[in-house]
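Student: Pasted the sequence and its predicted model underneath.
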Amino acid sequence: MNNRSWIDHLFPTLCLLCGAPAGNMPNLCDGCRQDLPFTSGTSCTRCARPLPQIAMCGQCQQQRPAFTTTVAALRYEGSGETLVHRFKFGNDQAAGKILATTLAQRAVRAERPDVLVPIPLSRQRLRARGFDQSWEVARHVAQLLALSANFSGVRRISNHVPQSSLKTWSARRRNVRGVFHVEPERIKGKHVAIVDDVMTSGATASSLARQLMLAGARRVDVWVSCRAGLSSVKIRH
């Protein structure tokens, strides 16, 4: 037994959700892992919005996003929402690793991209929060899947009000228009997967995907730990 195994044996990590000894996944017991709100097989083929059957949702048909498809590990509800809040607003890095691990386990079946690109925070929000949650998720996923990640070729060049404060698709789309700058030499000809912790309307991911395609990306997908069902968001066209 190596030193790490001895430490784990003497001082086992505890489940973040219930306090029981962790199981096969660090910081999560096997019971809570089984109870995670994993996404089902029925969703929009483009944005992974939960649907009764596999199809392209009406939103993507009318306002087709610039990305090709979306990989989402969990639904943004129950323990999935709890983990995001602990990570994003409580700087709980253990919760972030759980989110990254579940995303990597789901994304291993997806078409392999050349590079992962996290959605960057503005400088002001980064200073206020102290860390970039998308950067952390992308970093862990890259390690788990032996992928490269680009943390410097994309910048957020303007501020906007939080997307969560806007209740319509059109308002969210306008809010993130032109906020990203992409360096083409780092992207041209590559298959890119945008990484984020949560997707709600998809407006932010679509805005970044559009800039990546303009910079010469061959294809852009989106990988997210959680996908919100938009049940509380009124979408207008």
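Tutor: Yep, it's here.
Student: Confirm that R106 sits in a helix.
Tutor: Yes. R106 forms part of a helix when assessed by DSSP: H, G, I helix; E, B strand; the rest coil.
Student: Distance check, it against V71.
Tutor: For R106, the distance to V71 equals 6 Å [CB to CB, to the nearest Å]. All C-beta spots, glycine's among them, are computed from the backbone N, C-alpha and C.
Student: who has more neighbours, those two?
Tutor: For R106 versus V71, neighbours defined as other CB atoms under 10 Å are more numerous around V71 (21 against 18).
Student: for the helix or strand containing the more buried one, packing partners?
Tutor: V71 belongs to strand 70-75 when assigned by DSSP states H and E. Where contact means 3 or more CB pairs under 8 Å, 6 or more residues apart in numbering; DSSP states H and E, strand 70-75 is packed against helix 93-107, strand 191-199, strand 219-227.
Student: any idea of the angle the second one forms with strand 70-75?
Tutor: By that I understand strand 191-199. Computed with axes from the mean of the first three to the mean of the last three CA atoms, to 10 degrees, the direction of strand 191-199 lies at 30 degrees from that of strand 70-75.
Student: in its sheet, what does strand 191-199 sit against?
Tutor: strand 115-118 (parallel), strand 219-227 (parallel) (DSSP bridges).
Student: Quick check: next helix or strand after that strand?
Tutor: Criterion used, DSSP H and E; the element after strand 191-199 is helix 203-214.
Student: what mean pLDDT does that following helix have?
Tutor: Across helix 203-214, the average pLDDT comes to 93.
Student: for stretch 95-103, same thing?
Tutor: For stretch 95-103, mean pLDDT rounds to 96.
Student: again with stretch 61-72
Tutor: Taken as a whole, stretch 61-72 carries a mean pLDDT of 93.
Student: cool, and stretch 134-151?
Tutor: 94.
Student: chain center to the strand holding V71, what's the gap?
Tutor: With CA atoms, centre = their mean, to the nearest Å as the basis, strand 70-75 stands 8 Å off its chain's centre.
Student: That one to helix 93-107, inter-axis angle?
Tutor: Using the same axes, to 10 degrees: strand 70-75 against helix 93-107 is 130 degrees.
Student: and R64, what is it in contact with?
Tutor: Counting by CB atoms under 8 Å, 6 or more residues apart in numbering, R64 makes contact with R46.
Student: what's the distance between it and A48?
Tutor: For R64, the distance to A48 equals 15 Å [CB to CB].
Student: N150 too?
Tutor: Taking CB to CB, one finds N150 at 23 Å from A48.
Student: Identify the bridge partners of the nearest residue to T69 once chain neighbours are set aside.
Tutor: In space, T69 comes closest to D221 once its chain neighbours are excluded; the distance is 5.3 Å by CB to CB, 6 or more residues apart in numbering. Assessed by DSSP bridges, D221 has beta-bridge partners A193.
Student: residues in contact with D221?
Tutor: 67-71, 110-111, 113, 191-194.
Student: rerun that using 6 Å as the cut-off
Tutor: The contact partners of D221, by CB atoms under 6 Å, 6 or more residues apart in numbering, come to 67-69, 193.
Student: quick one, which of N150 and A48 is more surrounded?
Tutor: When N150 and A48 are compared for neighbours, A48 comes out ahead with 22 against 19, by other CB under 10 Å.
Student: domains for this structure, by residue range?
Tutor: Per automatic domain parsing, the structural domains of the chain span 1-35, 38-227.
Student: most neighbours per residue, which of those?
Tutor: Scoring those by mean neighbour count under mean count of other CB atoms under 10 Å gives domain 38-227 as the most buried, with a mean of 18.
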